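In: Need coordinates for the following:
(chains A and B)
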Amino acid sequence: MSARVIESGPSIAAAPTLELRGIEKRYGQVSALSGVNVTAKAGEVTALVGDNGAGKSTLIKAIAGVHRIDAGQILLDGEAIALTSPRDATEHGIETVYQDLALCDNLDVAANLYLGRELRRRRSALLDGEAMEARSAQVISELGARLPGFDVLVSALSGGQRQAVAVSRAALWGSRVVLLDEPTAALGVTQTAMVYDLIRSLRDKGLAIIVVSHNMADVFALADRIVVLRLGRNAGEFVPSQSSPEAVVAAITGADTVGEGR
Amino acid sequence: MTKSLLLGKSAGTRLVLVGLALVWVLFQFLNPNFLSPRNLSNLLLQIAVLGTLAIGMVIVLVLGEIDLSVGAIAGVSAGLLALLISQGLPWWLAILAALAAGGVIGLIHGSIITAFGIPSFIVTLAGLLVWQGVQLQLVGDQGQIPIRDVVIRGIASTYVPTLLGWLIAGLGVVAIFAAALVRRRRRERFSLAVSPLSADLLSAGLAGVAVLAVCAVLNSYFGIPWVFVLVLTLLVSCSIAMETTPFGRHIYAIGGNREAARRAGIQVRTKTITVFVVISMIAALAGIIEASRQFSASNSLGGGTLQLNAIAAAVIGGTSMFGGRGRIYQALLGALVVGSVQNGLDLLGQPAAIKNIATGVILVIAVAVDAVGRRRRLARGAAE
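Out: Coordinates of the predicted model:
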């Protein structure tokens, strides 16, 4: 690990990097999110957990700018912003690592890192392949990811390496917030450990990290705070060092709120 | 040996070159005139139209789409060209009009495909019927419109003077070395890994020798056909656009993973429309070349097996039907294979039936060999 330690945990009493207030999202008659509040602080990993249909994906899509919210506020560094397209989100420094990774298998690592945001040579319409390759190499080595090379096609990479490419892309462009949707689904033990390391180095760069996961092991290994969603509402917030997985699972399933569920 | 041939970065291209060499050796053995300068020069004239269409086809296939109407568009373009010239329009205006007609047709195809989300297979299949009908209307009852304009007739029947030919080849060699050295210097400036200077010089040298050899062979007959210069210019321009511009990178990205490209902010619809405009204009150019070869625009121009051979040439050259994979120069390689087989069978006096069967068999062999090679490469890649 070539961990370039940046002064982590900017404990300035300023506003959290990302704050969601009273988010509402409806699909026709179905209310997917109602009054959801989530905050994500710089240099912290916030885990977002919940059962299927709890609204995790909807919330991720709202932050990524894929879906518009119907009501509520999204604040970045305390200022309300509108996220109406993926481009809005990326322009605000919010990057999303989707579960399917959204990589182009037929392109090499550097091309994937710069997909849609290619560098051009000065006073020219031509791609600056060399600058992109050099910068990609730098970002990937800063994160401590292990890849066979930067001119390798993504189709030749393993699952963990592909995840590393997607995370590196978020590291390259995300200046404020990085969202990761199920980052360790379908990964082996070693590869999962590598992805944990990547996420921690992103956190140490001072980014606000939001991880969506089903996996309690993930959540307790990575998170500084755990936000539980249930049926589109907040269902509790936990700090891993002060709570047990059983308590979190109970909040996810609604076992501690029997009688209220219906 | 077979291992390095099947695996590695440009394995596909090496296999096509080996296949082409086999075809050439076989036909040379069966007919000693096959590799004569005269026949090779004819071969280049014969594949000019096919190669042009195949270049456009590679671009569309890389995007993950297909165009079944390029032959019909070539027919419309040729018909319009001949009609306008017979009305007394100057040659350059008629050419511009024919190319513009191609562009408009492509705009229609691309707009329908993106606006309604209909597969390009269907839209261009309909286009094939529609534009063949338009072609019949344009050409009229006589069945063909003769072209008397000297410039247009000259496109596919005149040759570059010997000295100018050598000059063009020399410039080509200089450009090959310059490109290799510029690339080296840029990589060094960004402190990226570079291959040994001798390796770069060797591959540039081999390419240079190939260019000079082709020039020597053609100059020992009538010279380099102008139409070959035209096709090479198209080839180089399209290669630059596809491999060194953001536009080309986005076409590969869309063909590789459409959803990822969209999420990365790439304008998938705009790019799709642009590609259909480009291929239709390339098809219109092919129509102009064919009209020049025939000295007329007939109602059968662009029909028959030309359309399917254009797809076959692109695929034999190594372009994937599933999008995201293929290089422009492979269009010319594929066209050379298809053209060589047809030319060779012609020399042996074989009928069209045999030519079609041979082309079909080669198409299947090429795709099968490529599929085996790709599976092995994938298996190796995944094992790492």
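
In: May I ask you to confirm that residue B:235 is in contact with residue B:52?
Out: No: counting by Cβ atoms under 8 Å, residue B:235 stays clear of residue B:52, with 9.1 Å between them. From N, CA and C alone the C-beta is placed, and that goes for glycine too.

In: Same drill for the two, tell me which one is more crowded.
Out: More neighbours surround residue B:52 than the other of residue B:235 and residue B:52, with 30 against 18 (other Cβ atoms under 10 Å in any protein chain shown).

In: in what helix or strand does that one lie?
Out: helix B:37-63 (DSSP states H and E).

In: One more: residue B:208?
Out: Taking DSSP H and E as the definition, residue B:208 sits inside helix B:197-219.

In: same thing with residue B:322?
Out: Using DSSP H and E, residue B:322 falls within no helix or strand.

In: same deal with residue B:336?
Out: Using DSSP H and E, residue B:336 maps to helix B:329-347.

In: now for that helix, which elements pack on it?
Out: In terms of contacts (3 or more Cβ pairs under 8 Å, 6 or more residues apart in numbering or on different chains; DSSP states H and E), helix B:329-347 is packed against helix B:11-30, helix B:37-63, helix B:226-244, helix B:306-316, helix B:352-383.

In: pLDDT on the fourth one, on average?
Out: Along helix B:306-316, the predicted confidence averages to a pLDDT of 93.

In: Next up, phi/psi of the residue lying closest to residue A:55 once chain neighbours are set aside, please.
Out: Nearest residue to residue A:55 in three dimensions, chain neighbours excluded: residue A:232, at 4.3 Å (Cβ to Cβ, 6 or more residues apart in numbering or on different chains). Residue A:232 adopts backbone torsions of phi 80, psi 10, taken as degrees, to the nearest 10.

In: Can you tell me how far residue B:372 is from residue B:321?
Out: 16 Å (Cβ to Cβ, to the nearest Å).

In: oh sorry, the question was meant for residue B:276
Out: Distance from residue B:276 to residue B:321, by Cβ to Cβ: 17 Å.

In: who has more neighbours, those two?
Out: Taking neighbours as other Cβ under 10 Å, residue B:276 and residue B:321 compare with residue B:276 leading, 32 against 13.

In: thought the more buried one was touching residue B:107?
Out: Yes: assessed by Cβ under 8 Å, residue B:276 is found in contact with residue B:107 at 7.3 Å.

In: My understanding was that residue B:173 contacts residue B:210; is that so?
Out: No: if you go by Cβ under 8 Å, residue B:173 and residue B:210 don't touch, sitting 9.6 Å apart.

In: what about those two, which has more around it?
Out: The neighbour comparison of residue B:173 against residue B:210 (other Cβ under 10 Å) goes to residue B:173, with 18 against 13.

In: give me the low-pLDDT residue ranges for chain B?
Out: Low-confidence regions of chain B, defined by pLDDT under 70, span residues B:1-10, B:377-384.

In: Okay, the residue nearest to the spatial centre of it and chain A: tell me how far apart.
Out: Centroid-nearest residue in chain B, with Cα atoms, centre = their mean: residue B:55, separated by 2.7 Å. From residue B:55 across to chain A, the span is 19 Å (Cβ to the nearest Cβ, to the nearest Å).

In: For that residue, which non-adjacent residue is closest in space?
Out: Leaving aside its chain neighbours, residue B:55 sits nearest to residue B:331 (4.4 Å; criterion: Cβ to Cβ, 6+ apart).

In: what number of residues lie near that neighbour?
Out: For residue B:331, the count of nearby residues is 33 (other Cβ under 10 Å).

In: Double-check residue A:51 against residue A:230; I have them as touching.
Out: Yes: with contact defined as Cβ under 8 Å, residue A:51 counts as touching residue A:230 (7.0 Å).

In: Name the residues contacting each of these two.
Out: A:252-253 (Cβ atoms under 8 Å, 6 or more residues apart in numbering or on different chains).

In: tell me the contacts of the residue in chain B sticking out farthest from the centre?
Out: Distance from the C-alpha centroid of chain B, by Cα atoms, centre = their mean, peaks at residue B:191 (36.0 Å). The contact partners of residue B:191, by Cβ under 8 Å, 6+ apart, come to residue A:134.

In: three-state assignment of it?
Out: Under the three-state scheme (DSSP: H, G, I helix; E, B strand; the rest coil), residue B:191 adopts coil.

In: which parts of stretch B:33-46 are buried?
Out: Across stretch B:33-46, burial judged by 16 or more other Cβ atoms under 10 Å in any protein chain shown covers B:34, B:39-46.

In: ok, which pair from those residues is furthest apart?
Out: Using Cβ to Cβ, the buried residues of stretch B:33-46 span at most 15.3 Å, a distance reached by B:34 and B:45.

In: What's the end-to-end length of stretch B:152-172?
Out: Using Cα to Cα, to the nearest Å, the end-to-end distance of stretch B:152-172 comes out at 26 Å.
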